[in-house]
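[1] following is a predicted model, sequence given first.
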Amino acid sequence: MTTTIDGTRIARRIRSQVAEAVAGAAGSGPVPGLATVLVGDDPASAVYVAAKRRAIREAGMRDFHRHLPGHATHDDVAAVLDELAATPEVSGILLQLPLPRHLDAAPLIDRIPVTKDVDGLTTASLGRLARGERGLRPCTPSGVIELLDAEGIALRGAKVAVVGWGELVGKPLTHLLLRRGATVSVAHEHTTDLAAVTRPADIVVVATGVRGLVGPEHIRPGAVVIDVGIHRTPSGLTGDVRSRELDGIAGRITPVPGGVGPMTIAMLLVNTLRAAEWGAERAAVAA
């Protein structure tokens with residue numbers, strides 16, 4: 001039988017732990033605060049930001065939000081990011097992606113100080129990740145690692161196939177897995193034989209944005225399958241993996257929805273708390 005990994009349950013536990021830490025530190029220092037920056041009126045982005053803001057408030061953190069019109073210029077967005085970077089009450093800054101087409105995300109993201117980069121996407125944060133230095137890690141890859149740890153799935157010595165080489169998941173996740181002692185193989189859009197990469201793996205993580213890409217032909221019996229993809233269809237949400245076809249083949253699998261998705265927001269809370277704690281450490285040293 002294939003076991004479903006309950007990301008919602010694991011994320012709920014992490015969010016509860018963060019809320020307890022925030023409550024326990026009340027009165028001894030500034031309350032952690034997250035600033036979300038939304039540019040334009042993309043419906044999906046608005047839903048995602050609303051969910052993040054709700055989670056922040058439920059954890060007892062401060063909610064700072066900026067909503068700019070879709071015609072905002074690079075300088076408009078940069079000014080808001082610079083203002084938030086200089087605001088001591090703001091522990092973390094999140095620039096919601098994607099941005100309107102006329103804006104280049106990379107230089108705007110890099111305006112976020114590495115100490116407040118709760119998405120872990122600045123050049124400085126990714127450099128710290130590659131070098132194994134302390135820093136804030138991208139939320140979705142961190143959520144994948146937390147899921148595996150919560151399930152007691154050993155990474156040291158495990159063969160892991162990462163399907164997808166994107167900036168948001170594939171690349172940072174590969175670094176995180178290597179740091180944990182896994183042997184990692186990566187498949188991408190130019191891979192000619194996907195099954196040759198995934199079939200030997202103990203763990204397969206799929207983050208391609210291609211609906212239903214991975215099925216029984218790609219997975220060895222008993223393997224753990226982590227589906228990062230999410231797609232809206234007339235019949236509901238589905239992922240990059242044909243999950244129903246893997247029932248009885250995969251040892252464990254994440255559902256869509258209810259798998260990796262809830263972990264992303266949980267790790268955003270963790271990063272905001274860490275940013276606040278590390279900020280307090282720096283302030284104490286400077287005092």
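    That came through, no problem.
[2] for Thr115, give me the pLDDT.
    The model reports Thr115 with a pLDDT of 97.
[3] now do the SS call for it.
    Put simply, Thr115 is helix when judged by DSSP: H, G, I helix; E, B strand; the rest coil.
[4] wait, it touches Ala280, no?
    No - here Thr115 lies out of contact with Ala280, judged by Cβ atoms under 8 Å, at a distance of 11.3 Å. For glycine as for every other residue, the C-beta is placed from the backbone atoms N, C-alpha and C.
[5] and the residue nearest to Pro255 when sequence neighbours are not counted, what does it touch?
    Leaving aside its sequence neighbours, Pro255 sits nearest to Thr4 (Cβ to Cβ, 6 or more residues apart in numbering; 5.4 Å). Contacts for Thr4 (Cβ atoms under 8 Å, 6 or more residues apart in numbering) come out as 252-255.
[6] roughly how far apart are Thr4 and Pro257?
    The gap separating Thr4 from Pro257 is 12 Å, by Cβ to Cβ, to the nearest Å.
[7] all strands of the stretch 101-250 of the chain, in order?
    Applying DSSP state E, counting those that start in this stretch to the stretch 101-250 of the chain gives strands spanning 159-163, 183-187, 203-206, 224-227, 231-233, 236-238.
[8] any idea of the mean pLDDT for the last one?
    For strand 236-238, the mean per-residue pLDDT is 93.
[9] again with stretch 41-61
    96.
[10] ok, residues contacting it?
    15, 18-19, 22-23, 26, 31-34, 36, 38, 62-63, 65, 70, 91, 94, 96-98, 265-266, 268-269, 272-273.
[11] among those residues, which ones are in helices?
    Of the contacts of stretch 41-61, the ones assigned to helices by DSSP state H are 15, 18-19, 22-23, 265-266, 268-269, 272-273.
[12] now a PyMOL select for only the buried ones of those.
    Burial among those is assessed by 16 or more other Cβ atoms under 10 Å; the matching PyMOL selection reads:
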select buried, resi 15+18+19+22+265+266+268+269+272+273
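[13] wait, which of the ones in helices among the contacts of stretch 41-61 is closest to Leu108?
    Proximity of those to Leu108 (Cβ to Cβ) peaks at Leu268, which lies at 18.6 Å.
[14] ok, now which ones touch that closest one?
    34, 52, 55, 94, 118-119, 139.
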